[in-house]
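Novice: Sharing a sequence plus its predicted fold:
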Amino acid sequence: MIILMMRCFSRLVKANGRKGDILIGISTSGNSNNVIKALEEANKIGMITVGMTGESGGMITDICKYLINVPSNDTPRIQEAHITIGHIICEIVERELFNG
């Protein structure tokens, strides 16, 4: 059961991801095994990989093409920043796609 959980995201990426798609992996520590496995699978497929982490970046630092690491070690602050960054990305994408 634990092995399946560590691969739950990577199985979704393998089934649905295509070359050129973008995968954003979010992990406060940068060391979440299920997120790491998903990013590794995305890299195999040729997807663009982005990591959002806390200050250290963890293991995700070496796996992602792009890294957004929040300069904090405080989990709630990191998660708040991740939410804000996600909203900013959505706004930019909507504006570019739909001239909003």
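Specialist: Yep, it's here.
Novice: For beta bridges, what are the partners of the most centrally placed residue in the chain?
Specialist: Taking C-alpha atoms, centre = their mean, the centroid of the chain lies closest to residue 25, which sits 1.3 Å from it. Taking DSSP bridges as the rule, residue 25 bridges to residue 51.
Novice: Centre of the chain to the longest helix along the chain, how far?
Specialist: Identified as the longest helix of the chain according to DSSP state H is helix 75-98. The chain centroid and the centroid of helix 75-98 are separated by 12 Å, computed with C-alpha atoms, centre = their mean, to the nearest Å.
Novice: Give the rounded mean pLDDT of it.
Specialist: Taken as a whole, helix 75-98 has a mean pLDDT of 95.
Novice: who touches it?
Specialist: The contact list for helix 75-98 (C-beta atoms under 8 Å, 6 or more residues apart in numbering) reads 24, 26, 28, 52-55, 68, 70, 72, 100. To be clear about C-beta, it is placed using only N, CA and C from the backbone, and glycine gets the same treatment.
Novice: For that helix, list every residue counted as buried.
Specialist: Using 16 or more other C-beta atoms under 10 Å as the test for burial, helix 75-98 gives 78-79, 81-82.
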